[in-house]
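Undergrad: next one to model:
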Amino acid sequence: MRVVALNIAPGSRLPMRSVQEVTAEAGVGLVGDRYHGARHRHVTIQSRQLLERAAEELGHPVEPAQTRRNVTVDAGEIPTRPGTRVRIGDVLLEVVRVSAPCRLLDDWIGPGAAAALRGRPGSTLRLLTSGTIRVGDPVEVLPT
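TA: This next block holds a predicted model:
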């Protein structure tokens, strides 16, 4: 897996902004993102491959930023089991929980979006180490 998109937003209802890299601060979050400073919700991650499946159901493309997730990887299943560790480039993260699709997705993406993304929502992770996450970084789910 590789990072294909990075998105941050300075506030909860403000538009996501695509970036090529972002500074990750252990225990704090992504610099410039709305969840910077949150206790455990530091980074959200999703799979482009699963977004494409949702788009097929919807009948139109779904851009990574529309789902309001921070990191989009090219393919594969996103780990959802709490405690699972993931390395993105040189940054170590840990799954906190599944990121359930929000009902507001129907307003932002179109009717049926939340339902199409159910079962494909991605995960919320906490940052265990600091570093820089970049588009193109390898993503590795670590053995438990």
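
Undergrad: CA only for contacts and neighbour counts going forward, please
TA: OK.

Undergrad: closest to the centroid, which residue in this protein?
TA: Most central in the chain under Cα atoms, centre = their mean is Ile45, positioned 2.2 Å from the mean C-alpha point.

Undergrad: wait, a strand at that residue?
TA: Yes: under DSSP: H, G, I helix; E, B strand; the rest coil, Ile45 falls within a strand.

Undergrad: which residue, other than its chain neighbours, is closest to it?
TA: Nearest residue to Ile45 in three dimensions, chain neighbours excluded: Val71, at 4.6 Å (Cα to Cα, 6 or more residues apart in numbering).

Undergrad: let me see the ranges of the strands in the protein.
TA: 3-8, 17-19, 21-25, 29-30, 43-47, 71-73, 85-88, 91-98, 123-127, 131-134, 139-141 (DSSP state E).

Undergrad: who does the residue nearest to the centre of the chain bridge with?
TA: Beta-bridge pairing of Ile45 under DSSP bridges involves Val71, Ser123.

Undergrad: residues contacting it?
TA: For Ile45, the contact set (Cα atoms under 8 Å, 6 or more residues apart in numbering) comprises 69-73, 78, 122-125.

Undergrad: need the strands of the chain in TSV (columns: mean pLDDT and distance to His36).
TA: Below are these laid out as TSV (pLDDT from 0 to 100; distance: least, Cα to Cα, whole Å):
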stretch	mean pLDDT	distance to His36
strand 3-8	95	10
strand 17-19	94	15
strand 21-25	97	9
strand 29-30	94	4
strand 43-47	90	9
strand 71-73	94	15
strand 85-88	97	18
strand 91-98	93	15
strand 123-127	93	11
strand 131-134	98	14
strand 139-141	95	21
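
Undergrad: beta partners for the closest residue to Asn70 other than its chain neighbours?
TA: When the adjacent residues along the chain are set aside, Asn70 lies closest to Asn7, with 4.7 Å between them (Cα to Cα, 6+ apart). With DSSP bridges as the criterion, Asn7 is bridged to Ser18.

Undergrad: ok, now how distant is Asn7 from Val139?
TA: Distance, Asn7 to Val139, by Cα to Cα, to the nearest Å: 16 Å.
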